[in-house]
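Q: sharing a model prediction with you, sequence too.
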Amino acid sequence: MRTTTPKRSEAIGEEAVAVVRAPAVPSKMMAAVLYGSEDLRLEQIDVPHLAADEVLLRVRLALTDGTDLKVWQRGYHAKMIQPPAVFGHEVVGEVAAVGKRVDARWRMGLRVIAANSAPCLRCFHCRRGQENLCEDLLFNNGAYAEYMRIPGRIVMENMLEVPHSVDDGSAALVEPLACVLRGIHEMEVRTGDTAVVIGCGPIGLKYVRMLSRRGVRVIALARRVAPLEVARRMGAIATINVTQVRDVVAAVRNLTEDDRGADAVVEAAGNPATWKQALAMVRRGGVVNFFSGLSSGTRVEIEPAAIHYSEIKLISPFHHTPRFIREALEAIRRGDILAHDFVTEEIRLEDLPHAFEKMKSRSGEIKLAVRP
Ligand SMILES: [Zn+2]
């Protein structure tokens, strides 16, 4: 594929021969471009140009998620997206072109997942194994398109070949699952523990599933019947529809030994009220995982004495690290988690703007598979 003998054009300019492109790759593609708050348009744009260390994926499938919904509503993301921009980040694709310095193992047509970020591996946090807090975390977006550019750092650190046995939808779950697995790791739960999961959106359900797989007894909370049914299928031993009980905290405590409270609580509903509830549901010496990211400026009132004298551990895990990207793909390969449990519908790229409208009214409960 690559030649050691320089071609004539190489003398003219590096860019001219920086890319080995499969003949089938066109110059234009369809992509969903975000212009601002709730303003997403389908457009013909240029297929991204590659630097020598970059890879072009032909997108096989992209999944929508809660972060994308937030970005669509706000019209931007301080760290990740400044409009107009392509977006979407849970993706499985196949290698369609490679820069000339890309490792030969990334051959044309290979099916891969690429995470939405990669750390620098050099900064203070990276050196301490906290790559999720990397001071120079490189983000990548653009999965809602026919083709997607993968920056060199992600190719090196966070792009993985998908095993044959794994379907496209499940492979595309790697990124959010990596965040969840890292969260569970930080919780230090044990087999036989009881954990409450507040919120049964795609993230909450992943917690239900993966905690159950580890022998944790999960109590799932949500506002609607359908996600609670899914939570049961995912392994929850009990579910509570929070709209049907007067005192949610008491209802949870009633399900624990001596009304002691849960060993662990995962807050995955994303509002200040459920942050407070989480603190009231945990037992003395237990752990609360504030997983959802509330928008900056949000305040939650807490009683420090209730935390201190009960020695409650508070964690708020953010993002993923290369280790958990790999663990997530391995969990998916084992069949611990399957897309069809989470993905509610498959749509075409053209239908995406309308689909976001629909997701808005369901507060991110829906996860869609987008096929370009
Ligand atoms: Zn770093």
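A: That came through, no problem.
Q: pretty sure Leu205 sits against Val230.
A: Yes. If you go by Cβ atoms under 8 Å, Leu205 and Val230 touch, sitting 5.9 Å apart. (Each C-beta comes from the backbone N, C-alpha and C, glycine too.)
Q: shared neighbours, those two?
A: Asp341 (Cβ atoms under 8 Å, 6 or more residues apart in numbering).
Q: tell me which of the two has more neighbours.
A: Just comparing Leu205 and Val230: by other Cβ atoms under 10 Å the higher neighbour count belongs to Leu205, 28 against 22.
Q: for the more buried one, phi and psi?
A: Torsion angles at Leu205 (phi, psi; degrees, to the nearest 10) stand at phi -70, psi -30.
Q: where's Met234 relative to the ion, distance?
A: Using Cβ to the ion, to the nearest Å, one gets 34 Å for the distance from Met234 to the ion.
Q: for Arg74, that is, sorry about that
A: 26 Å.
Q: what's the neighbour count on that residue?
A: 16.
Q: which one is it nearest to, not counting chain neighbours?
A: Excluding the flanking residues, the one nearest Arg74 by Cβ to Cβ, 6 or more residues apart in numbering is Ser37, at 6.2 Å.
Q: show me the contacts for the one you found.
A: Counting by Cβ under 8 Å, 6+ apart, Ser37 has contacts 73-75.
Q: what of Gly192?
A: Counted by Cβ under 8 Å, 6+ apart, Gly192 has contacts 215-217.
Q: Val33: which of the contacts of Ser37 is nearest?
A: Gly75 (11.9 Å; Cβ to Cβ).
Q: now do the phi/psi pair for the closest one.
A: Torsion angles, degrees, to the nearest 10, at Gly75: phi 90, psi 0.
Q: check what pLDDT the nearest residue to it once chain neighbours are set aside gets.
A: Once flanking residues are discounted, Gly75 sits nearest to Ser37: 3.5 Å by Cβ to Cβ, 6+ apart. If you check Ser37, the pLDDT there is 92.
Q: likewise Ala118?
A: 98.
Q: distance of it relative to the ion?
A: 9 Å.
Q: residues near that residue, how many?
A: With other Cβ under 10 Å as criterion, Ala118 counts 26.
Q: beta partners for it?
A: Leu138 (DSSP bridges).
Q: hmm, it is touching Ile150, no?
A: No. With contact defined as Cβ under 8 Å, Ala118 does not count as touching Ile150 (9.6 Å).
Q: what is the nearest of the contacts of Gly192 to the ion?
A: Among those, Val216 lies closest to the ion (Cβ to the ion), at 32.0 Å.
Q: show me the domain layout of the protein.
A: The chain is divided into the following domains under automatic domain parsing: 8-173+337-371, 179-315.
Q: what's the least confident stretch among these?
A: Among the domains of the chain, domain 8-173+337-371 carries the lowest mean pLDDT (a mean of 90).
Q: just how off-centre is that domain within its chain?
A: 12 Å (Cα atoms, centre = their mean, to the nearest Å).
Q: Ala97 sits in which helix or strand?
A: strand 90-99 (DSSP states H and E).
Q: which elements pack onto that strand?
A: strand 19-21, strand 55-63, strand 111-114, strand 147-150, helix 168-171, helix 174-187 (3 or more Cβ pairs under 8 Å, 6 or more residues apart in numbering; DSSP states H and E).
Q: out of the ones you listed, which gets nearest to the ion?
A: helix 174-187 (16.1 Å).
Q: roughly how far is that closest one from the heart of the chain?
A: The answer for helix 174-187 is 9 Å, by Cα atoms, centre = their mean.
Q: now the angle from that helix to strand 90-99?
A: 120 degrees (axes from the mean of the first three to the mean of the last three Cα atoms, to 10 degrees).
Q: helix or strand right after helix 174-187?
A: strand 194-198.
Q: now the angle from that following strand to helix 174-187?
A: 140 degrees.
Q: identify each buried residue in strand 194-198, please.
A: Buried residues in strand 194-198, counting neighbours by 16 or more other Cβ atoms under 10 Å, are found at 194-198.
Q: ok, and the closest non-adjacent residue to Lys206?
A: That would be Val180: by Cβ to Cβ, 6+ apart, it lies 4.5 Å from Lys206.
Q: typed the wrong thing, it's Glu131
A: That would be Pro119: by Cβ to Cβ, 6+ apart, it lies 3.7 Å from Glu131.
Q: is it correct that that neighbour is in contact with Glu135?
A: No. Here Pro119 lies out of contact with Glu135, judged by Cβ under 8 Å, at a distance of 9.0 Å.
Q: neighbour count for the two, which is higher?
A: More neighbours surround Pro119 than the other of Pro119 and Glu135, with 24 against 11 (other Cβ under 10 Å).
Q: next up, phi/psi of Ala115, please.
A: Main-chain torsions, Ala115, degrees, to the nearest 10: phi -70, psi 170.
Q: got a list of what it touches?
A: 154, 158-159, 174-175, 178, 320, 325.
Q: distance of the spatially closest residue to it that is not a sequence neighbour relative to Tyr147?
A: With Cβ to Cβ, 6+ apart as the criterion, Ala115 has its nearest non-adjacent residue at 3.7 Å, and that residue is Asn158. Remark: distance between Asn158 and Tyr147 (Cβ to Cβ, to the nearest Å) = 19 Å.
Q: make sure Val266 is indeed in a strand.
A: Yes. According to DSSP: H, G, I helix; E, B strand; the rest coil, Val266 belongs to a strand.
Q: mind listing the residues bridging to it?
A: Bridge pairing for Val266 - DSSP bridges - gives Val197, Asn289.
Q: does it touch Phe291 like I think?
A: Yes. The pair Val266 and Phe291 passes the contact test of Cβ under 8 Å, sitting 5.7 Å apart.
Q: these two: who's more crowded?
A: Val266 (33 against 26).
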